[in-house]
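**Student:** Got a sequence here, can you build the structure:
(3 chains)
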Amino acid sequence: MILAFDWTQLAQQTVIGLSSGGLWALLALALVLIYRSTGVINFAQGEMAMFSTFIAWSLIHHGLSYWEAFFLTLAISFVGGVALERVVIRPVERAPVLTVVIVTLGLFFLVDGAARWFWSSETRSLPNAFSTRPITVAGVAFSIQDLGNIAVSLGVVALLFALFQFTKLGLALRAAAVNPEESRLLGIRVSWMLALGWGLAAAMGAVSGMLTAPALASFDQNLMQPVLLYAFAGAVLGGISSPFGAVVGTLLLGVFVNLIGTYVDWIGTDLRLPAAFAVILGVLLVRPAGLFGRASVRRV
Amino acid sequence: MSRVVVAILGALALATVASGAGTATPGVTANEVVIGGTIPLTGVASAYRTVGLGAAAYFRYVNAHGGVNHRKIRYIIKDDQYDPAQTMDKTRELVEQDHVFAIFNSLGTEHNLATRPYLNAIKVPQLFVASGATTWGKDSKQWPWTIGYQPNYRAEGTIYGRYIAKTAPKSRIGVLSQNDDYGKDLLAGLRNGLGKRAKLIVSTQNYNVDDPDVQSQIAKLKSAKANTLALFATPKFAIQAYRYAFQLGWKPKVYINTVSSASNTMAFAVLASSKKQTEGTISIVFLKDPTDPRWAKDRGMKLYRTIMKKFKGTNPNDVYNVYGMSVAHTFVAALKKAGKNPTRDSIMRAARHLTIRNDPFLLPGVVVRTTPSDGFPLDQARLERFHNGRWRSFGGLFRVR
Amino acid sequence: MRRALGIGAWVLAVAAGLGLFLLLPHLVSDFHSRDLARAGVFFIAIVGLNLLTGYTGQISLGHGALMAIGGYTTAALVVHEHWRDVWTIPLAGLAAGIVGFIIGIPALRLSGLYLALVTFGFAVSMPSLLKKFSGLTGGTQGLRFLESAPLQVTGLTGKVTIFGHTMTQNHFLYYLTWSIGIVGFALAWLIVRGRLGRVFRSVRDSEIAAVSSGVNLAATKTFAFALSGVYAGVAGALLAIQDEIVNPLSFTFLLSILVLVGAVVGGLGSLPGLVLGAFFVQYLPSISTHVSSRAGVPDFVYGAAIILVMILLPTGAGGLLRRVARPLTTWLYTRP
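**Tutor:** Next up is the predicted model:
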C-alpha cells in the first residue's frame, strides 16, 4: 500500500504549494505591517503592488536593468505610500475603523483605475529576479526562483523584526499604533509614524509585485487580485499581528489548498477556495487570534 | 415554447413596439441607423473591450466615407461589467430608452443567453453575438432573431480531436480548461472529435479565472503521464502552462485554442519557457493576426492599421480589434443587403443570407456565409503549427463544424 | 406647544416622503423606474447590514453572498418548481436568514478583523459554490426565467394589474421594491427605538457591560445575523425578480463591497441617511462612466468619489443629517 502511493506526486504538490504560498507571503507581510502600524486592513495593498509593478516595467522599458528598476521602484513606492497616507488616510485618522476600511476600498478602485488608465491592458512580462532553470531532486522539480521568493519573505520578516525590536524608530511605530494618545504625550509624531508605516508597506508590496509578476510568467492589471485574497487569508491564519505568522500562514495555506485539491476529487480545483476558508474558520474557532497571533485579553 | 407563451410574449412585443419612437422602424431615420450592444468596458474582463472598440473604429471609417445608403451608423456601447444581470438591464435600456434598431456585437455567453429570450420575444435582432457558444447557430429555429459570428468553441475542439485521432491515435491527452462555458465547450468538442478514441484523454484539470496560478493542475497532468496537452485556457494561464511544464521538465505536444494563439502571446510563452517547449504547438486560425509578420505587407492589414490610426483605435497589436472590425464589416454588408429602407425583418433576413468574400480582416479564402439552414457565419479555419517562433499554416481551409 | 410642533414636523416629513414615493415613477421616464427599483434593492440590503454592523457592531463582508442565497432561492422556486416570482420573496428571506444565523454561530467566537475575514471568505466562495451545485443553480449559465418559466414572471406582457389598477412592469417593480423597503425600514425603526435596539447597541458598545447587565450575548448576536440575513435575502429575491435571471457572475465579492459602502456612506448606526447610501451605490457607477469611458477612468472616478465622501462625511450621510437636525430637535424637545 505504501509503495503504491505516489509519494513523488505528494512531494511535488507540497513543493508547488510552498512556491505559491511563498509568493502570497510577500503581500501578506505588507498587510501585516499596515495592520500593526495603523490597525486597518488595506484592501488596496494588492493594487498598489500591481501599480508598482507597472512602474518597474516602464523603467525597464526605458532601459534600466532589472535591479536598477527594482530599487528605484522601491523608493518611488515608498514615497507613494507616504503620499497616499498623507492625502487619503490622514483626513480620516480619527474616524471610525469602518470608515477607514471604506477609504481603502475606494483606494482599491482608484489605483486599479489609474493603472488601467496609464497603461493599456495588454499582456506584459517582467524579467526574472531569480533563475527559473528547473532543478529536480528525487523526481520533484522546483527552481531557484521558488527558493528565492521564500528567502526574500523570511528576509523581510527578519528585517521587520529587527526594525520593531531593536530600533527606536520601530519602537515609536509600535507605540503609535497601540496607543496614539500616550505616544503623542511622549513626543512621538504619531501622524508621521502612520505615514512611515504606509510607506514601508507600499515598498513591501512593490517587492511582492515585482517578484510575483515574473513568477506567474506574465502580468496585466489583474495580477494581484487573486493574490490579495490568499494573502489576507494566510495572514489571518497565521495571526494578523505577527509577520512570522503571516509567512507561515500563507505557506501552510498554499500547501493545504494544493493538497486538498489534488487528493479530494470532489473538491478538485472548483472548491479549493471554499475549502481553504472552511479550514481557516476551523483554526480561528480554536485559536481566535490565529496560529501565532497574540490574543488580546479582555480585563473587566 | 408553448403556444400560450408565444402569444403572451407576442403581446409584450406589441406593447413595446407601440411605446416606441413613433417611426415605422425604431433606430432608423433618414440619415442615421442606431445600433447598440453590451461590452465589459470595466472590470476583470475589460481586456475584451476592444471587441467593441475595434468595431466602433470601423464604423467611424465607414461613416467618413458616406455611411450606408446615406445613413451614418451610430453604435452605442454600454458597459455591463461582465455581469449578466447588468447585461439584461443595459440591453433593456438600449431597446426601451435608446430605441436601437438592433442589438449588435454584445459580448459573453451567459450574457447573451440572458437577453436572448427577451430580444426574441420583442423581435429585436440580436446580431453577431461575440461568443463562441454553439447555440447561436444551432438553435436558430427556436431563436430566429439571434445569430452568432465566430467559429464556435465546440467545433474548434472537434478539429483538434479529429486531428489527434487521425495523426496520433496513441496519444495520452491531458486537458487544462477554464471552468466556464468556453472551456467546457472546447473540451466537449475535443471528446466529440476523438469519437471512439475519447479514452485518449487521461486527465482533465480545470481552473477558475480568479485562481492565482495553475501550477498544481500542470503537475497533475504530468503525473497522469500525458504526452499531449490541450490548452483550453485564456492567455494568462496558457503562458503559465508553458512555464510550469518547462519547470517540471515535461514536454508534451501542445494544442492551444485560438483565443490564446496570438503571436504576441506565443512570444511571451517562449520567453517564459523555451523555444523548444513551444515548438510544434498546433492551433487553428481564422483572423489575420496583427503581430504576425506574414501579414506585414497585406492590404487588409494595412487598411486595419490605417483605420486604427485615423479613427481613434486603441492598441493595434490587440487581435480583438481585428475581430471587431471584421464583425463590423459584416454588419455593414448585411445593412446594405437589407435594402434602402431597412427594417428589423429585412436585416434579419439579410443576416441569414450572407455571402461575403472580401472581408479584409479574415484569412484569404474565408467566406462569411449563412443560409436559412446554416446559422454559422464563420465556420472556416486553417490549421497552423508554431515553428521556430512563428506560426505557419498547413493544410487548406476547412470547415469547422 | 413645542411638542405639537415637533410631532407636526415629523408627520409632515413622513407624509412628504410617502408622497414622493408614490409619485416619483410618474416624474421620471418609465425605464428610469427600473433604476430606482434597483436602488431600492440596495436600500433593503443596506438597512439589513446596518442593523448588524451599525447596531451590534458585527462586521460582515458577506452580504452579497446572502443576497445570492435569496436570489437563487427565488430563481430555483420559479424555474424548478414553477412558483410565481413574487410569492417566493418570503421564502427567499427565510433561507437567507437561516444562512445568516448559521454564520452568526461561529461569529460568536470571532470579532473585528477575524469576523471580517470569515464573512469575506463566504462572499468570495459563493460563485464557486454556485457553479458547483449546478443541478440546482444552473451552474455557469445560471437560471433564466424568460426561457424556463416565462409564465411565472409578473408583468410578462409589460403591464401589471393590481387591485384593478394597471401599470407598466417597470412601475410595478418600483412599487414592489420600495413598498417592501418602506416596511423593512419601518420595522428596523421600531426595533432600533425599542428595547431590542438598546440591547443591540449595548452589545456594540461593550460586550462585557452587556453581559453583566443580563443580555444573552449569543442569542442577540445570532439573531442580529439572522435578521440581517432576511433583509439581504429579500433584496436578493427582488434583484432576481427584476432581472429575470440569476448567474454566479452577478454575486461576486464586489456586491458585498457595494452593500458595505452603501451602509457606511449612508451612515452606520443611524437610519435616515441609508436612502442616500442606496442612491450613492446605484448611481455612482453610471456617473463615473459618463465622466469618461476611457479605459480605467470610470474606476478611478468611482474610487475617488468614495474616498471624498468618506473624508467629507466620516460618519456618513446619517451623521451629517444628525448634525444638521440636532439644533432643531434640541430646540423642539428641550424645556425652555
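
**Student:** Residues of the stretch 251-400 of chain B that sit close to chain C?
**Tutor:** Where the stretch 251-400 of chain B comes near chain C, counting by Cβ under 8 Å from any Cβ of the partner chain, the residues are B:Thr314. Glycine gets a C-beta too; all of them are placed from N, C-alpha and C.

**Student:** typo on my end, it should be the stretch 151-300 of chain A
**Tutor:** Taking Cβ under 8 Å from any Cβ as the criterion, the neighbours of chain C within the stretch 151-300 of chain A are A:229, A:232-233, A:236, A:240, A:270-271, A:273-274, A:276-277, A:280-281, A:284-285, A:288-290, A:298, A:300.

**Student:** Give me the buried subset of those.
**Tutor:** Neighbour counting over those (16 or more other Cβ atoms under 10 Å in any protein chain shown) leaves A:229, A:232-233, A:236, A:240, A:270-271, A:273-274, A:276-277, A:280-281, A:284, A:289-290 as the buried ones.

**Student:** And the furthest pair within the residues you listed?
**Tutor:** The span of those, defined through Cβ to Cβ, is set by A:Asp270 and A:Ala289 at 31.0 Å.

**Student:** Name the SS class of the residue in the stretch 251-400 of chain B positioned nearest to chain C, please.
**Tutor:** For the stretch 251-400 of chain B, the nearest residue to chain C under the criterion Cβ to the nearest Cβ is B:Thr314, separated by 7.8 Å. Classification of B:Thr314 into helix, strand or coil gives coil, according to DSSP: H, G, I helix; E, B strand; the rest coil.

**Student:** For it, give me its contacts.
**Tutor:** The neighbourhood of B:Thr314, defined by Cβ atoms under 8 Å, 6 or more residues apart in numbering or on different chains, consists of A:120, B:50, B:53, B:308, B:321, C:295.

**Student:** Tell me the pLDDT of the second one.
**Tutor:** We have a pLDDT of 92 for B:Thr50.

**Student:** before we move on, what about the last one?
**Tutor:** Note for C:Ala295: predicted pLDDT of 82.

**Student:** Now name the helix or strand holding it.
**Tutor:** Following DSSP states H and E, there is no helix or strand that holds C:Ala295.

**Student:** For it, which non-adjacent residue is spatially closest?
**Tutor:** Spatially, and ignoring its direct neighbours in sequence, C:Ala295 is nearest to A:Arg116 (5.0 Å; Cβ to Cβ, 6 or more residues apart in numbering or on different chains).

**Student:** Close to chain B as well: tell me which of the buried ones among the residues of the stretch 151-300 of chain A next to chain C qualify.
**Tutor:** The residues of these that also fall near chain B, by Cβ under 8 Å from any Cβ, are A:229, A:270.

**Student:** Sort out for me which of the buried ones among the residues of the stretch 151-300 of chain A next to chain C are in helices.
**Tutor:** When these are checked against helices using DSSP state H, the ones located there are A:229, A:232-233, A:236, A:273-274, A:276-277, A:280-281, A:284.

**Student:** and stretch A:13-26, is it in reach of chain C?
**Tutor:** No: contact between stretch A:13-26 and chain C, assessed by Cβ under 8 Å from any Cβ, is absent, since the two come no nearer than 14.4 Å.

**Student:** Residues in contact with that stretch: which ones?
**Tutor:** A:140-142, A:146, A:149-150, A:152-153, A:156, A:204, A:207-208, A:211-212, A:215-216, A:227, A:230-231, A:234, A:246-247, A:250-259, A:262, B:212-213, B:215-216, B:219-220.

**Student:** Tell me which of the residues you listed fall in strands.
**Tutor:** With strands identified by DSSP state E, the entries of those that belong to them are A:140-142.

**Student:** ok, of the residues you listed, which one's closest to chain B?
**Tutor:** Checking the ones in strands among the contacts of stretch A:13-26 against chain B with Cβ to the nearest Cβ, the nearest one is A:Ala141 at 4.7 Å.

**Student:** which ones are touching the residue nearest the centre of chain C?
**Tutor:** The centre of chain C sits closest to C:Ala45, judged by Cα atoms, centre = their mean, with a distance of 1.4 Å. Applying Cβ under 8 Å, 6+ apart, one finds that C:Ala45 lies in contact with C:63, C:67, C:231-232, C:235-236, C:259, C:262.

**Student:** Could you identify the pair within those residues that is furthest apart?
**Tutor:** Looking at those by Cβ to Cβ, the two members farthest from one another are C:Gly236 and C:Gly262, with 14.7 Å of separation.

**Student:** Make CSV from the contacts of C:Ala45 and add pLDDT to it.
**Tutor:** Formatted as CSV, these follow (pLDDT from 0 to 100):
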residue, pLDDT
C:His63, 95
C:Met67, 97
C:Tyr231, 97
C:Ala232, 97
C:Ala235, 97
C:Gly236, 97
C:Val259, 95
C:Gly262, 94
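
**Student:** Please pick the buried ones from those residues.
**Tutor:** When burial is judged by neighbour count using 16+ other Cβ under 10 Å, the buried members of the contacts of C:Ala45 are C:63, C:67, C:231-232, C:235-236, C:259, C:262.

**Student:** hang on, the earlier thing: out of the ones in strands among the contacts of stretch A:13-26, who's the most crowded?
**Tutor:** If you count neighbours using other Cβ atoms under 10 Å in any protein chain shown, the busiest of these is A:Ala141, which has 21 neighbours.

**Student:** can you map out the helices along chain A?
**Tutor:** All helices of chain A, identified by DSSP H, fall at A:7-38, A:45-61, A:66-84, A:97-118, A:144-166, A:168-178, A:180-185, A:190-215, A:225-238, A:243-263, A:272-286.

**Student:** what does chain B give?
**Tutor:** Residue ranges of the helices in chain B, as given by DSSP H, are B:3-18, B:49-64, B:84-92, B:109-121, B:135-138, B:153-167, B:181-194, B:215-223, B:235-247, B:263-272, B:275-278, B:299-310, B:319-337, B:344-351.

**Student:** okay if I get the ones you listed as TSV plus distance to A:Glu68?
**Tutor:** Converted to TSV, the helices of chain B look like this (distance: least, Cβ to Cβ, whole Å):
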stretch	distance to A:Glu68
helix B:3-18	62
helix B:49-64	33
helix B:84-92	44
helix B:109-121	45
helix B:135-138	51
helix B:153-167	44
helix B:181-194	41
helix B:215-223	30
helix B:235-247	25
helix B:263-272	20
helix B:275-278	28
helix B:299-310	34
helix B:319-337	33
helix B:344-351	56
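
**Student:** Now for A:Thr136, how many residues are close by?
**Tutor:** Other residues within reach of A:Thr136, judged by other Cβ under 10 Å, total 11.
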